[in-house]
Structure formats: structure tokens, C-alpha cells
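Return a 3D structure for these sequence lines:
(chains A and B)
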Number of protein chains: 2
Amino acid sequence: MQILKTIEELQSIRKTITSNVGFVPTMGALHDGHISLIKKARAENEIVIVSIFVNPTQFLPGEDLDAYPRKDEADKKICELCKVDYLFMPEISTMYSKEEVSIKAPNKSYILEGLTRPGHFDGVLQVVLKLFGITQPTNAYFGKKDAQQLSLITQMTKDLFLPINIIACEIVRENDGLALSSRNVYLNSNQRQEALLISKSLYSAGALIAKGELDTNIVKNKILEIMKSLDVEYVAIVDREFNEINKIELKNTIILVVARFGNTRLLDNIWL
Amino acid sequence: MQILKTIEELQSIRKTITSNVGFVPTMGALHDGHISLIKKARAENEIVIVSIFVNPTQFLPGEDLDAYPRKDEADKKICELCKVDYLFMPEISTMYSKEEVSIKAPNKSYILEGLTRPGHFDGVLQVVLKLFGITQPTNAYFGKKDAQQLSLITQMTKDLFLPINIIACEIVRENDGLALSSRNVYLNSNQRQEALLISKSLYSAGALIAKGELDTNIVKNKILEIMKSLDVEYVAIVDREFNEINKIELKNTIILVVARFGNTRLLDNIWL
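So this is what the prediction gives:
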């Protein structure tokens, strides 16, 4: 595995690659969720590029940019074990200049995650587009856990007609159901235990729907009832394009939940 | 030459091309200025793609979108004669969807052309990025006449790390000095004659500078004096990144002029 610290290095290597390139963009602190993306990329492409870049433009003032977990040495080891070809770790100062052409996510980026984090998705799309520009991937891998992010990146790729396949990858969970997240390290043992109610509520919703319940209000209430001891930020039921829906359509519905544990926001969702 | 009307056709052909692609995006009504770009692309690339697309998002309400000259049959003939490989003429409805990820040009897009046409360059960058996505050019050709546009497209390409060379091409002029423009057809014979003062003023400025005059105010006044009978919108002296400057730096200065003839705005400039 080659570790590349500069954009120019990766660009000049990329020029020489003619085979398929699988790309996994990350903010590091790699866990089994990331590893599942990397393994999928490894299985499906001749060349695999992973990036680690804690992107400042997607953090709002007061968010955990400085505290965001950084584990460079462990991450390098993981990438090496996963047989990544190129690990790209650029400096912030080289990724951005003073006055930039920027990306504006559509209005629907201001609901759900975007409601509490206005502008967050502009920053996500900006950095993803830059990373796509540098790596020119054939296939790019994103987790379903950040469902709204995945939806917007898919839309950007379509809107700009980029010749890139966006591959949606399943959520990876702890044995007890908690969705993996780099931010789980912020939880104390009490919060860690309470957080199980999130996935539990989603499983129960799934079971209810499997029995034939398609009314989104009833399903939402079931979820809220199970999570009633938590600080729930939102429960939403949307179609794959993130329009809120009243009636569940099988195969085109995502149920999303966010709950807060102190300053830590935990996201989870299921895709029907 | 193959004429391609759909995005999918061009995308699927593009996938099969491994050699260099030269791309000339236009809004049609091709004149010798465009032809010089196409010839340069033809000389420098194995494959040449020209697009004709009158992009609605770069016109402001009340501008000449509907009246913009369209000459499809003549344009096809010109491209054929210039040995273009693919002429791309997409429908508006296929280029845009309802709610889009959009592009925001930097603040300096709101001076000069952007002052009278706020948002114009957002639209220009959006369509150019879409066309780059579809055509994936190695080299893309733009005229220096739209100097601010050229500067912003160059910046976008750098900011997004696109592996595309932006090639700046010289302004082509009538024998009497008038810079070629698709909008010249709007001029009556009187206006056509008066319009010569634009290039004349720029030549005089160039001569003044050649004699050693580097003060931008003196040079500006010279230009304004020659154009005093015209409805001048602006005279500006900027560096290559479009910062206004007080002292002319040889090899890093552009002098820009815009004058109005009825509803028609004519642009011209010289690059030192």
C-alpha cells in the first residue's frame, strides 16, 4: 500500500491507471462499517483508493471538528490489512483555497440532518466532488447509515452526469444492534446501553410493517413509544428521494431516527 | 461527423474512447471565433466534440434567451467542414431536472459582467460542469473574449481538481477590428460603425502601455476619451485572477471594455 499525502501525487498516479478504480472516502477513525465498504471495493475493482480527510467545511461552528476522533496509525494498519492500493491523506490547506467555487445542495438538504446542520451537506458535496475530481473513480462506496448524504451524493452524480457508480452499502451493527459510528466512542456506558433502543425501535417498526401496517403515523408512534426515554431529535419516514410520505411503499421507504446523548447525535435507519 | 441529440448516446460513446478528447462548448450561431477554437481542438486531439446548447440558466429574466440567434443547419455544416467527430445538441429538458445540486461562483463573479448579470456565472459554471461530466474532455477550449468566464471556468477546474486542461484561445476580429460575437447580428449599420471605437480604444491603450505608461487611471481615461460618444458600461483593468489593479503588470493584466448599443452589450478586451 502506498500512502499519498499530496493531491499531485495521487493525480499523477491516477493518470497511469486504466483499469477500474474503487474509491472509499472516509473521515478516518475506521470501524467495521468502513471496513465493509473497503472490502466491497476490493472485491469489485482492480485498484482501491481510500481517502482519510476530516473535512472542515461540513462541520458547523460549535460542532466536533476539533474533537472528531483521529486514529491515523490504526487506520493505516486497517487499510494495509484490507489490501488497499492507495491511502490518500491530504492536508486541509491543499484541499481548499481562499475564495472557492462552491456547491449548493438542493432545498431538501435543509430537512432532517440539514435542519439542525444547515449547510452541512453543501460541505459534504463540495469535498466529495473534489475527491471525485482527484480520484476519478469508476465506483464509489458509501454507507446507508448516512442515508441523506448518500441520497444527495447520488443526486449530485446524476445532476452533473459524472461517469461514477455510487454504491450503497449496508449498515454494519454491533452484535446487540447498535449501528457502528465513529461517534460511538463519545458514549458513556449508560448511554451506550440506552442507545440500543434506537435499533430496537427500528426493528419493531420493521416487524409492524411486515405484518401489513403501512400507515406512517402508526409506525412513527410505535418508534417514539419505544424510544420515549430518549432525547429524540426526529423520526422520519421518506421515500428514496427523501420526500416525506404518508403511506409506506415497500422497497421505496427509508425510516430514519436521530437521538441525542449529551452532545452526541446518533443516527440510524432501515431501508425497506 | 455524428450528431448526438441525447446525453446517453454521448456517454456511451465516450466510454469507448481512450484517446485524447478536445471539447468546444458553444451556444451555436458559430462564427470565425468558434471556428478558431474548433480548429485548435482538431489540431491537438484525436477526438473532437463540439456542443451546441443555448443554456437557459445563464440568462437572466428579461435577457435575450428567446431571441438568441439559432442557426442549427449552418452550424452543422461548419462542424462537418471542421472535421468535428461528434456534435452534441442536447434538449434543455434532459440537461436539467427540477431541484438540482447547483454551483455557486465565488464573490468575484459579481463584479464586471456579474454586476449587471448577477447569477449569470453560476449558470455558466453549472452547464460547463455538466458538459464536462458528459464529455470528460482532456482539453477544453474557450475564447479570451469572455475573459471573466474563462477565468472562472479555469478556477472551477482547479478548485474541483478536474483532470482537464482549459485552453485559452485568442480573440478573432473582423478586418476592421470588431471582436466577433454572435450578438453582432443585432447591430444596425450605424451601431456597427460606432462599435469600432471599442477595439480602437483598446489598441490605443496597448500603444500607450507599450510606451511605458503603467498607471491604470491614465490608461482608463485614454480609453474613455476615445469611447466618449458610446454608452460605456465599464472599463476595467484587472490581473489574470480578476483583481482590480492600480499599476499595470506586463504579462498579468487584462483590460476589459463593455459598451451598449440599444439592448446589445458588446464585450472586448486585450490581454497584456
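
Quick one: neighbours of residue A:213, just the number.
Here the number of neighbours of residue A:213 (other C-beta atoms under 10 Å in any protein chain shown) works out to 14. Where C-beta positions appear, they are placed from N, C-alpha and C, glycine not excepted.

Name all residues that make contact with it.
Contact analysis of residue A:213 by C-beta atoms under 8 Å, 6 or more residues apart in numbering or on different chains lists A:219, A:248.

next one: residue A:137
Applying C-beta under 8 Å, 6+ apart to residue A:137 gives the contacts A:21, A:22, A:23, A:49, A:164.

secondary structure class for it?
What DSSP: H, G, I helix; E, B strand; the rest coil gives for residue A:137 is coil.

Show the backbone phi and psi for it.
Dihedral pair for residue A:137: phi -70, psi 150, per degrees, to the nearest 10.

Closest one of the contacts of residue A:137 to chain B?
Distance to chain B across the contacts of residue A:137 (C-beta to the nearest C-beta) is lowest for residue A:164, with 9.3 Å.

Helices of the stretch 101-250 of chain A, start to end?
Listed in chain order, the helices of the stretch 101-250 of chain A (DSSP state H, counting those that start in this stretch) span A:113-116, A:120-135, A:147-159, A:189-194, A:196-210, A:216-226.

for those helices, which one sits closest to residue B:176?
With distances scored as C-beta to C-beta, the stretch of the helices of the stretch 101-250 of chain A nearest to residue B:176 is helix A:120-135 (43.1 Å).

Summarise which helices and strands that closest one is packed against.
Packing contacts for helix A:120-135, counted by 3 or more C-beta pairs under 8 Å, 6 or more residues apart in numbering or on different chains; DSSP states H and E, involve helix A:7-16, strand A:21-26, strand A:47-52, strand A:102-104, helix A:113-116, helix A:147-159.

Generate CSV for these, with mean neighbour count, distance to chain B and mean pLDDT as supplementary columns.
Converted to CSV, the helices and strands packed on helix A:120-135 look like this (neighbours: other C-beta atoms under 10 Å in any protein chain shown; distance: least, C-beta to the nearest C-beta, whole Å; pLDDT from 0 to 100):
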stretch, mean neighbour count, distance to chain B, mean pLDDT
helix A:7-16, 14, 6, 98
strand A:21-26, 26, 13, 98
strand A:47-52, 26, 12, 98
strand A:102-104, 20, 5, 96
helix A:113-116, 17, 13, 93
helix A:147-159, 22, 4, 97
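
got CSV for these, with distance to residue A:181 too?
Output for those, formatted as CSV (distance: least, C-beta to C-beta, whole Å):
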stretch, distance to residue A:181
helix A:7-16, 27
strand A:21-26, 12
strand A:47-52, 16
strand A:102-104, 25
helix A:113-116, 13
helix A:147-159, 13
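
Which one of these lies nearest to residue A:95?
Nearest of those to residue A:95, taken as C-beta to C-beta: helix A:7-16 at 7.4 Å.

The closest residue to residue A:88 other than its chain neighbours bridge partners, please.
Among residues not flanking residue A:88 along the chain, residue A:51 sits closest, at 4.3 Å (C-beta to C-beta, 6 or more residues apart in numbering or on different chains). Legend: beta-bridge partners of residue A:51 under DSSP bridges are residue A:25, residue A:88.

Spit out the contact partners of residue A:51.
Neighbouring residues of residue A:51 by C-beta under 8 Å, 6+ apart: A:23, A:24, A:25, A:26, A:87, A:88, A:89, A:90, A:131, A:135.

Switch those residues over to CSV, and while doing so, append distance to residue A:231 to every line.
CSV is the format used below for the contacts of residue A:51 (distance: C-beta to C-beta, whole Å):
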residue, distance to residue A:231
A:23, 36
A:24, 32
A:25, 30
A:26, 28
A:87, 37
A:88, 37
A:89, 35
A:90, 36
A:131, 34
A:135, 38
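
tell me the domain boundaries of chain A?
By the record's domain assignment, chain A is partitioned as A:2-169, A:182-266 (automatic domain parsing).

Name the stretch among those that sits most buried.
The highest mean neighbour count among the domains of chain A, using mean count of other C-beta atoms under 10 Å in any protein chain shown, belongs to domain A:2-169: a mean of 19.

can you give me the end-to-end distance of it?
Taking C-alpha to C-alpha, to the nearest Å, domain A:2-169 runs 25 Å from one end to the other.

Quick check: residue A:68 is in a strand.
No: Residue A:68 sits outside any strand when classified using three-state DSSP, being coil.

Return the per-residue confidence for the closest residue to it other than its chain neighbours.
With sequence-adjacent residues excluded and distances taken as C-beta to C-beta, 6+ apart, residue A:68 is closest to residue A:54, at 5.3 Å. For residue A:54, the model assigns a pLDDT of 97.

Show me what from the stretch 51-200 of chain A comes close to chain B.
Taking C-beta under 8 Å from any C-beta of the partner chain as the criterion, the stretch 51-200 of chain A approaches chain B at residues A:97, A:99-108, A:125, A:129-130, A:133-134, A:136, A:152, A:155-156, A:158-163.

can you do 10 Å?
A:94-109, A:121-122, A:125-126, A:129-136, A:152-153, A:155-164 (C-beta under 10 Å from any C-beta of the partner chain).

Have a look at chain A and report the helix or strand with the lowest mean pLDDT.
When the helices and strands of chain A are scored by mean pLDDT, DSSP states H and E, helix A:113-116 comes last with a mean of 93.
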